[in-house]
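Asker: next comes the sequence, and after it the predicted model I'd like to discuss.
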Amino acid sequence: MIVKTPSKLEKILSEGHYGVTSECGPPRGSNPEHIIKKAELIKDHVDAINITDNQTSMTRLCSLAACIRLKLMGLEPVLQMVTRDRNRIALQSDILGAASFDIYNILCLSGDHNSFGDCPQGQNVHDIDSMQLAQMVRLMRDEGKFLSGDELDGKPQMFVGAAANPFADPFEIRVPRLAKKVAAGVEFIQTQCIYNLDKFEKWMKGVVDRGLHEKCYILAGLTPMKSVGMAKYMQKRVPGMDVPDEIITRLQGVEKGKQADEGIKICIESIQRLKEVEGVKGFHIMAIEWEEKVPEIVEAAGLYPRPKID
Amino acid sequence: MIRSITQKKSEEAIDLLLNGLNRIFIIGCGTCTTLTRTGGEPEVRALKEILSQKGKIITGTTVVPVACDNLTRDFLREFGAQIDQANCLLITSCAFGVQTIARQLRKMVVPALDTLFIGKETGFGMFDEICTQCGTCIIGETGGICPVTNCHKGLVNGPCGGTNHGKCEIDVAKDCVWTLIYNRLKELERLDAMRKYQKPRNHQGEPKPGKFKLPAA
């Protein structure tokens, strides 16, 4: 695939290396130290760092400002942008703001519903959806136009990503849905956390059969389990999450103090298996409030050192 | 048949609205709120009892046939004296009825209900919101099922990643509309309709507040 933006992540992927990304959630307050510290922990082991946008609808420091913090540290952010809170004027405006700070990656999402967060009575905006957002960024970047058709003075140079959940039902819809996202202009995908590898491989086969892996880079999403409790919570309470019983049984099989280590081990083994899956071009490691473990996972999975690019 | 779906305000909420208003005429509605048991004859009677016990003077009560109808004015005429004695009207119709009466009688009105949605009766005692009157109908492409109304995010390009065994991630009592659409289109052998990219919606199909005037014949 031809490189279209100054994104370091795009460059690495285009050169055929596995891409490695991770994410940091901004703090629930204005203190930037938190985000800086998290980024310090992982910066040498990943190519780009996603900054979540008020994830689970809990109000936090904004993704754009946190991305600028990363830029000031010389790092490569992925601006996550959800359509839940802003209409098309605000979204386009924030895209331009981010581009003015040379933020070169964007992940277009619809966002968790308000009812999960701290403002359940607030208005869900959803003026446009994640697919329309991706197409809008492409329109701004490739044609230099606003959604209205007006000309832009300065195009946002952004590598456009989106999420995909191979595990939500109906399963049969999930490959066609990816195809629709790719047709809308999505260039890379970070998937939902993968625990059911068989199902993921089945989905990937569908992706490869349709040639989508040649039009879009698929980064497999992974979140290490910290405990049996976390695994059970993910299995029962997180919609669209597929945690097979074997994962829980395996974590239960070790003593309590060793469950976190076992979780890391499962994550590393998963990456090793997924490396063999045709069409997987990288890994998105979401160690939730456990960023210090990312280097260990990356190293043990044979993804270190990260490629240096000019 | 479509119905205006309502729910009762709490007793505390009504007490606050009636603060300082001691002479009350209560008006129920014989149509939607009778059917949903939120504002028909038994509910009017219960309100009369509760408020009387709290020391309010109930100058009279009635249940009008259709509160939102322009004929309500004529129906209420025979209660003129009792209405005149009241310093407010407590109304157990939906907000369409409350606003109709407020316009007709020019008296302080207090709604006893919250109006939730315009519902379609989908089973005995079951009502679902199936249309939000957005003004830009796309159900010709979604198997006759509206995602704008029935998806919590109003998504028009397919389901989000939170579909949970065919239910919505935020409420297991509600179906994921995109699963319904998928099943319907599959049955009709029209799944290709789901491939179509829907452009950003026109949210100004009918700019709020909606207004319609019958054109001259």
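Answerer: Cool, the structure landed. Numbering: from 1, shown residues only, chains lettered A, B, ... in the order given.

Asker: nearest residue to A:W203 other than its sequence neighbours?
Answerer: Once flanking residues are discounted, A:W203 sits nearest to A:P166: 3.6 Å by C-beta to C-beta, 6 or more residues apart in numbering or on different chains. To be clear about C-beta, it is placed using only N, CA and C from the backbone, and glycine gets the same treatment.

Asker: show me what the lengthiest strand in chain B is packed up against.
Answerer: For chain B, the strand reaching the highest residue count under DSSP state E is reported as strand B:113-123. On a contact count with 3 or more C-beta pairs under 8 Å, 6 or more residues apart in numbering or on different chains; DSSP states H and E, strand B:113-123 meets strand B:2-8, helix B:95-105, strand B:126-128.

Asker: what does that strand contact?
Answerer: Strand B:113-123 is contacted by residues B:1-9, B:33, B:38-39, B:92-96, B:127-131, B:133 when judged by C-beta atoms under 8 Å, 6 or more residues apart in numbering or on different chains.

Asker: starting at the chain centroid, how far to the helix ranked longest in chain B?
Answerer: Identified as the longest helix of chain B according to DSSP state H is helix B:41-53. Taking C-alpha atoms, centre = their mean, to the nearest Å, one finds helix B:41-53 lying 22 Å from the centre of the chain it belongs to.

Asker: buried set for it?
Answerer: Using 16 or more other C-beta atoms under 10 Å in any protein chain shown as the test for burial, helix B:41-53 gives B:43-44, B:47-48, B:51.

Asker: am I right that A:A260 is in contact with A:S227?
Answerer: Yes - contact criterion C-beta atoms under 8 Å: A:A260 and A:S227 qualify, at 6.7 Å.

Asker: so for these two, which sits in the more crowded spot?
Answerer: Using other C-beta atoms under 10 Å in any protein chain shown as the criterion, A:A260 and A:S227 rank with A:A260 on top: 18 against 14.

Asker: what's the most distant pair in the buried residues of helix B:41-53?
Answerer: Spatially, the most separated pair among the buried residues of helix B:41-53 is B:E43 and B:L51, at 12.4 Å (C-beta to C-beta).

Asker: mean confidence score for the longest helix of chain B?
Answerer: Here helix B:41-53 scores 98 as its mean pLDDT.

Asker: who in the stretch 101-250 of chain A is up against chain B?
Answerer: Residues of the stretch 101-250 of chain A found near chain B (C-beta under 8 Å from any C-beta of the partner chain) are A:110, A:112-113, A:115-116, A:124, A:126-129, A:131-132, A:135-136, A:147, A:163-165, A:168-170, A:172-173, A:176-177, A:179-180, A:183-184, A:192, A:239-240.

Asker: for chain A, find the nearest of the helices and strands packed on strand B:113-123.
Answerer: strand B:2-8 (16.1 Å; C-beta to the nearest C-beta).

Asker: now that closest one and helix B:95-105, what's the angle there?
Answerer: Orientation of strand B:2-8 against helix B:95-105 (axes from the mean of the first three to the mean of the last three C-alpha atoms, to 10 degrees) gives an angle of 90 degrees.

Asker: output strand B:2-8 as PDB, nothing but the C-alphas.
Answerer: Output of strand B:2-8 as PDB, limited to C-alpha atoms (Å, rounded to 0.1, in the frame of the first residue of the first chain):
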ATOM      1  CA  ILE B   2     -50.500   5.000  17.600                       C
ATOM      2  CA  ARG B   3     -50.700   6.200  21.200                       C
ATOM      3  CA  SER B   4     -49.100   8.900  23.200                       C
ATOM      4  CA  ILE B   5     -47.200   7.000  25.900                       C
ATOM      5  CA  THR B   6     -46.900   8.600  29.300                       C
ATOM      6  CA  GLN B   7     -45.700   7.900  32.800                       C
ATOM      7  CA  LYS B   8     -46.900   9.400  36.100                       C
END
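
Asker: report all helices and strands that that strand contacts.
Answerer: Using 3+ C-beta pairs under 8 Å, 6+ apart: strand B:2-8 touches helix B:32-35, strand B:113-123.

Asker: export the ones you listed as TSV, with columns for mean pLDDT and distance to A:D142.
Answerer: Output for the helices and strands packed on strand B:2-8, formatted as TSV (pLDDT from 0 to 100; distance: least, C-beta to C-beta, whole Å):
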stretch	mean pLDDT	distance to A:D142
helix B:32-35	97	52
strand B:113-123	96	41
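
Asker: residue in the stretch 201-310 of chain A nearest to chain B?
Answerer: A:P239 (3.5 Å).

Asker: list the contacts of that residue.
Answerer: A:P239 makes contact with A:168, B:162-164, B:169 under the criterion C-beta under 8 Å, 6+ apart.

Asker: now name the helix or strand holding it.
Answerer: Using DSSP states H and E, A:P239 maps to neither a helix nor a strand.

Asker: can you tell me the average pLDDT over stretch B:174-183?
Answerer: 96.

Asker: mind listing what's buried in it?
Answerer: With burial defined by 16+ other C-beta under 10 Å, the residues of stretch B:174-183 counted as buried are B:175-182.

Asker: helices along the chain, start to end?
Answerer: Picking chain A for this. Secondary structure of chain A (DSSP H): helices located at A:8-14, A:33-42, A:63-72, A:88-100, A:130-138, A:174-184, A:197-209, A:228-237, A:245-252, A:259-275, A:294-300.

Asker: not what I meant, chain B
Answerer: Taking DSSP H to define them, one finds helices in chain B at B:11-17, B:32-35, B:41-53, B:72-77, B:80-85, B:95-105, B:147-150, B:177-187.

Asker: what helices or strands is the fifth one leaning on?
Answerer: Counting by 3+ C-beta pairs under 8 Å, 6+ apart, the packing neighbours recorded for helix B:80-85 are strand B:23-29, strand B:57-64.

Asker: just the first one next, same as before
Answerer: Under the contact criterion of 3+ C-beta pairs under 8 Å, 6+ apart, helix B:11-17 touches strand B:109-111.

Asker: can I get the helices and strands packed on strand B:113-123 in JSON lines with mean pLDDT and mean neighbour count?
Answerer: JSON lines is the format used below for the helices and strands packed on strand B:113-123 (pLDDT from 0 to 100; neighbours: other C-beta atoms under 10 Å in any protein chain shown):
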{"stretch": "strand B:2-8", "mean pLDDT": "97", "mean neighbour count": "19"}
{"stretch": "helix B:95-105", "mean pLDDT": "97", "mean neighbour count": "19"}
{"stretch": "strand B:126-128", "mean pLDDT": "95", "mean neighbour count": "15"}
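
Asker: closest to A:P305 out of the ones you listed?
Answerer: Shortest separation from A:P305 across those is recorded for strand B:126-128, at 56.9 Å, computed as C-beta to C-beta.

Asker: B:L180 against B:G144, yeah?
Answerer: No - with contacts counted by C-beta under 8 Å, B:L180 stays clear of B:G144, the gap being 10.2 Å.

Asker: how about the residues of chain B near chain A?
Answerer: Counting by C-beta under 8 Å from any C-beta, the residues of chain B close to chain A are B:152-166, B:169-170, B:178-179, B:182-183, B:194-195, B:197-201, B:203.

Asker: mind redoing it with 6 Å?
Answerer: B:152-155, B:157-158, B:160-164, B:169-170, B:179, B:182, B:197, B:200 (C-beta under 6 Å from any C-beta of the partner chain).

Asker: PyMOL command for the buried members of the residues you listed?
Answerer: The PyMOL command for the buried members of the residues of chain B next to chain A (criterion: 16+ other C-beta under 10 Å) is given here:
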select buried, chain B and resi 152+153+154+155+157+158+160+161+162+163+164+169+170+179+182+200
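
Asker: sorry, back to before: now the helices of chain B in JSON lines, with distance to A:G253?
Answerer: What follows is the helices of chain B, written out as JSON lines (distance: least, C-beta to C-beta, whole Å):
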{"stretch": "helix B:11-17", "distance to A:G253": "54"}
{"stretch": "helix B:32-35", "distance to A:G253": "58"}
{"stretch": "helix B:41-53", "distance to A:G253": "59"}
{"stretch": "helix B:72-77", "distance to A:G253": "71"}
{"stretch": "helix B:80-85", "distance to A:G253": "76"}
{"stretch": "helix B:95-105", "distance to A:G253": "59"}
{"stretch": "helix B:147-150", "distance to A:G253": "43"}
{"stretch": "helix B:177-187", "distance to A:G253": "36"}
